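Visitor: next input, structure requested:
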Amino acid sequence: MHRLRRLLLPIDSLGAADTAARVAQLLVGLALYGLSLAMLIRADLGVGPWDVLSLGLAVHLPMSYGAATVVVSAVVLLLWIPLRQRPGIGTLANALLVGPAADLGLWVIPDATALWQQVLLLAGAMVLLALATGVYIAPRLGPGPRDGLMTGLRRVTGWPVWIARTLIEGTALLIGWLLGGPVGVGTVVFAFGIGPLVGVFLPWFERRRAARVAVLEGRRAASIAGA
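Guide: The predicted structure is shown next:
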């Protein structure tokens, strides 16, 4: 049991309160991430490569978009095995929760009926997705299935990150498009815009996490010195 906990929750021992806060931040980030995917779909201008694949699967299989997202995540995790990637609790939570959160968002968010609504939904979805990425990655509880596949392929092959990411996402996009997934101007905007947006939000959340770690470690050191 201890080995399993260390595998799925590979975090420093900074206290139960810190662990709870990190898990809570992870769950909030994943919920927001799923909501942002629902907004992308409702914008109906095209979605990201992995969502093209999930929606393409949903066209041919009796399942919702969210369920298809979980299936894709499970298949991606199987590809981790030959790459010897190690999952964390964040990896499993990502695989299991993002799809249902997106389905809930699709149930709540109505279809856009005008172009200006579509554009606003697309823009808002990308900003929210970038913010959510920073929220759930900063606690460092394990990479998402797709991120882990990219980093694992990079480690095994020695390829640059951009080559590994382009190959993986390009393959997902092609298969999804062949299955009937929606590809549009939003797909192009997503491909070129999401990286810079994540580059704005992720470092900010990582700096906040680093500052908290420094405070907690300082308190622990002071407690040990005063003992």
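Visitor: so how far is residue 183 from residue 44?
Guide: 12 Å (Cβ to Cβ, to the nearest Å). To be clear about C-beta, it is placed using only N, CA and C from the backbone, and glycine gets the same treatment.
Visitor: any regions of the protein where pLDDT drops low?
Guide: Along the chain, segments meeting pLDDT under 70 span 1-13, 226-227.
Visitor: at 80 what do you get?
Guide: Scanning the chain for pLDDT under 80 picks out the ranges 1-15, 161-162, 220-227.
Visitor: walking through it, point out its helices one by one.
Guide: 2-8, 16-43, 49-60, 65-83, 89-108, 115-137, 145-157, 161-178, 185-226 (DSSP state H).
Visitor: check contacts around residue 55.
Guide: 41, 47, 65, 68, 176, 180, 181, 182 (Cβ atoms under 8 Å, 6 or more residues apart in numbering).
Visitor: burial measure for the third one, as a count.
Guide: For residue 65, the number of neighbouring residues by other Cβ atoms under 10 Å comes to 21.
Visitor: and for the fifth one?
Guide: By the measure other Cβ under 10 Å, the count of residues near residue 176 is 26.
Visitor: check the fourth one too.
Guide: When neighbours are defined as other Cβ under 10 Å, residue 68 has 24 of them.
Visitor: I'd say it and residue 100 touch.
Guide: No: in this structure residue 68 lies outside contact range of residue 100 using Cβ atoms under 8 Å: 11.7 Å.
Visitor: list the residues that contact the nearest residue to residue 14 once chain neighbours are set aside.
Guide: In this structure, residue 14 finds its nearest non-sequential neighbour in residue 216, 4.6 Å apart by Cβ to Cβ, 6 or more residues apart in numbering. Residue 216 makes contacts with 14, 15, 18, as judged by Cβ under 8 Å, 6+ apart.
Visitor: phi, psi for the second one please.
Guide: Translated: residue 15. The main-chain torsion angles of residue 15 are listed as degrees, to the nearest 10 and equal phi 110, psi 150.
Visitor: state the distance from the closest residue to it other than its chain neighbours to residue 64.
Guide: Once flanking residues are discounted, residue 15 sits nearest to residue 216: 6.7 Å by Cβ to Cβ, 6+ apart. Using Cβ to Cβ, residue 216 is found at 41 Å from residue 64.
Visitor: again, but for residue 80
Guide: 25 Å.
Visitor: same question, residue 214
Guide: For residue 214 relative to residue 64 (Cβ to Cβ), the value is 43 Å.
Visitor: neighbour count winner among those two?
Guide: Per other Cβ under 10 Å, whichever of residue 214 and residue 64 has more neighbours is residue 64, with 17 against 10.
Visitor: show me what contacts the more buried one?
Guide: Per Cβ under 8 Å, 6+ apart, neighbours of residue 64: 58, 99, 103, 106.
Visitor: phi and psi next, for it.
Guide: When read as degrees, to the nearest 10, the backbone of residue 64 gives phi -80, psi 170.
Visitor: for residue 87, same thing?
Guide: phi -80, psi 160.
Visitor: how many neighbouring residues does it have?
Guide: There are 19 residues near residue 87, going by other Cβ under 10 Å.
Visitor: make 567 the first number, not 1, from now on.
Guide: Noted, 567 is the first residue going forward, which turns the last one into residue 653.
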